[in-house]
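Chemist: build me a structure from this.
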Amino acid sequence: NTETGTIDIRYKVDEGQKSYIEKIEIRGNTKTKDRVIRRELSVAPGDVFDMARIKTSKRRLEGLDFFEPGGVEMRPEPTDVPNRKNLLVGVREKNTGNISFGAGFSSVDSIVGFAEWTQGNFDLFHPPTFTGAGQKLRLRIAIGTERQDYVLAFTEPWFFNRKLAFNADLFYRDAAYVSPENVYTESRAGMRLGLTRALGSDFLIGSIGYRLERIGIDLAPGVRNYWLVDDPITGVPTLLYPNAPQSIVDESGNTRQGTFSASLAYDTRNDTRLPNHGQRTELISEIASTYLGGQRDFYKVELQSAWYFPGFAKGHVIEALGRVGVANGINGDTVPFYNRFYLGGLYSLRGFQYRTVSPREADPNPNTPPSDAYRGYFQEPVGGNSFWFGSVEYSLPIIDKEG
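Modeler: You can find the predicted model right below:
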């Protein structure tokens, strides 16, 4: 085209015969077992040498975080068989064990220090190194002025050689910060077993789990139930009313709870830590029962959805969040206060202290003199059997990561 100074180009493509994968060779893995790498590949011997699927396999291997950045290479190698090529998978392994420790302060749990050891490429049956099977093991200890946490967590991402994640946790937690008015401390000790897998799509994830725990409620010194005492002057027995919410006082001591849970999540976020596109919607249900090893019968159902959008500048994120939940007793039981719903704090209704948005119980003896030292205990939240909550947040970076 002499007027515009441009030319047209026409390509004629003459396709040759398809190439197929003869065999897959893995090199460079001194710790990671071959099967851990092979199970992440979306191609197999005999398949068409499809570069799109090979690139997908490469991203999966890089996502394991077992190898150095740029340490996964996949390329064809010629063979003596016509229309057949070998697929070479080369890897450069890195250290997958980490030890971290630190200390911090928050408005919820005050001062806390922690230490954590993780192994991201663990092998339960390969002593003495215990590495190479792609399992995950985590040991975490956190001790502070308001809490103590001990967690031992194990994950097998390919249970029975299927893409089915098996989780097993042992835990102990002792928390004082859960009571805004310092009426009680709560401890939980037990174990949890769970299975998680993708359901037909990497975006749709289903989970089931079973948790057996001992829950301990220790009342603060001076907190009492109904108490019959002799009047120091007349000697006549006098009934003292509880000086804290009855639903809390009744739960003092240890309770065994067995819970079955199931969840279904649809997750299209582009990043699990700092997303700015996509959404995550999850339906969570729990049922506690005497048939599951517990002492109470009740259920809980919660639906939550979070949507993420780019903000008005680079790195800015808009998050729209909605949550709704309901809980109720079964067979005449009630929902314990420690399993009810609360709002307030960093991760729910900001601007309110942790767990302070909640119903309260009425004082059974409102004529108690104001000088009663424990009158404030009736400001203690006791939780609700239903809730709904929505928010819109705008986040912006404080420090430029590229700076």
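Chemist: for the rest of this, base every contact and every neighbour count on C-alpha atoms.
Modeler: OK.
Chemist: helix, strand or coil for the nearest residue in space to Gln304 that is not next to it in sequence?
Modeler: Closest residue to Gln304 apart from its sequence neighbours, by CA to CA, 6 or more residues apart in numbering: Arg323 at 4.3 Å. Secondary structure, DSSP: H, G, I helix; E, B strand; the rest coil: Arg323 is strand.
Chemist: the one 3 residues further on now?
Modeler: Assigned state for Val326: strand (three-state reduction, three-state DSSP).
Chemist: Val36 too?
Modeler: Assigned with three-state DSSP, Val36 falls in the helix class.
Chemist: what about it, distance to Ser348?
Modeler: According to CA to CA, to the nearest Å, Val36 and Ser348 sit 39 Å apart.
Chemist: next: Glu380.
Modeler: Going from Glu380 to Ser348 by CA to CA gives 19 Å.
Chemist: could you check which of these two has the larger neighbour count?
Modeler: A side-by-side neighbour count of Glu380 and Ser348, using other CA atoms under 10 Å, places Glu380 first with 22 against 18.
Chemist: per-residue pLDDT, the closest residue to the more buried one other than its chain neighbours?
Modeler: Nearest residue to Glu380, sequence neighbours excluded (CA to CA, 6+ apart): Glu181, at 5.6 Å. Looking at Glu181, its pLDDT is 89.
Chemist: how many residues are close by Glu181?
Modeler: 15.
Chemist: now the residue nearest the centre of the chain: how far from Ala198?
Modeler: The residue lying closest to the centre of the chain (CA atoms, centre = their mean) is Thr272, at 11.1 Å. Distance, Thr272 to Ala198, by CA to CA: 16 Å.
Chemist: buried residues in stretch 17-32?
Modeler: Within stretch 17-32, the residues scored as buried using 16 or more other CA atoms under 10 Å are 19-24, 26, 29, 32.
Chemist: now those as a markdown table including secondary structure?
Modeler: What follows is these, written out as a markdown table (three-state DSSP):
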| residue | secondary structure |
| --- | --- |
| Ser19 | coil |
| Tyr20 | strand |
| Ile21 | strand |
| Glu22 | strand |
| Lys23 | strand |
| Ile24 | strand |
| Ile26 | strand |
| Asn29 | coil |
| Thr32 | coil |
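Chemist: all helices for the chain, in order.
Modeler: Using DSSP state H, the helices of the chain run over 34-38, 51-63, 246-249.
Chemist: where does pLDDT dip in the protein?
Modeler: Per-residue confidence for the chain (pLDDT under 70) gives these ranges: 367-376, 401-403.
Chemist: what are the bridge partners for the closest residue to Ser386 other than its chain neighbours, then?
Modeler: Nearest residue to Ser386, sequence neighbours excluded (CA to CA, 6+ apart): Val326, at 4.2 Å. In this entry, Val326 is beta-bridged to Val301, Ser386, by DSSP bridges.
Chemist: ok, Val326 to Tyr342 distance?
Modeler: Val326 sits 12 Å away from Tyr342 when distances are taken as CA to CA.
Chemist: which stretches in the stretch 251-400 of the chain count as strands?
Modeler: Along the stretch 251-400 of the chain, the stretches classed as strands by DSSP state E, counting those that start in this stretch are 253-267, 278-288, 298-310, 317-329, 386-395.
Chemist: list the buried ones in the first one?
Modeler: Counting neighbours by 16+ other CA under 10 Å, one finds that the buried residues in strand 253-267 are 256-267.
Chemist: and what of the shortest one?
Modeler: Taking 16+ other CA under 10 Å as the basis for neighbour counts, the residues of strand 386-395 that come out buried are 386-387.
Chemist: so which elements touch that strand?
Modeler: Strand 386-395 sits against strand 317-329, with contacts defined as 3 or more CA pairs under 8 Å, 6 or more residues apart in numbering; DSSP states H and E.
Chemist: chain center to the strand it packs on, what's the gap?
Modeler: Distance of strand 317-329 from its chain centroid, counting by CA atoms, centre = their mean, to the nearest Å, is 16 Å.
Chemist: which residues touch it?
Modeler: By CA atoms under 8 Å, 6 or more residues apart in numbering, the residues outside strand 317-329 that reach it are 275-276, 297-311, 334-335, 340-341, 385-396.
Chemist: now with 7 Å, please.
Modeler: For strand 317-329, the surrounding residues in contact (CA atoms under 7 Å, 6 or more residues apart in numbering) are 276, 297-311, 334-335, 385-396.
Chemist: now the angle from it to strand 298-310?
Modeler: With axes from the mean of the first three to the mean of the last three CA atoms, to 10 degrees defining the directions, strand 317-329 sits at 170 degrees from strand 298-310.
Chemist: buried sites along strand 317-329?
Modeler: By 16+ other CA under 10 Å, the buried positions in strand 317-329 come out as 317-329.
Chemist: Ala168 contacts Arg192, doesn't it?
Modeler: Yes - applying CA atoms under 7 Å as the test, Ala168 and Arg192 come out as touching, 5.7 Å apart.
Chemist: look up how far Phe160 lies from the nearest residue to Thr32 once chain neighbours are set aside.
Modeler: Closest residue to Thr32 apart from its sequence neighbours, by CA to CA, 6+ apart: Gly132 at 4.0 Å. Counting by CA to CA, the separation of Gly132 from Phe160 is 17 Å.
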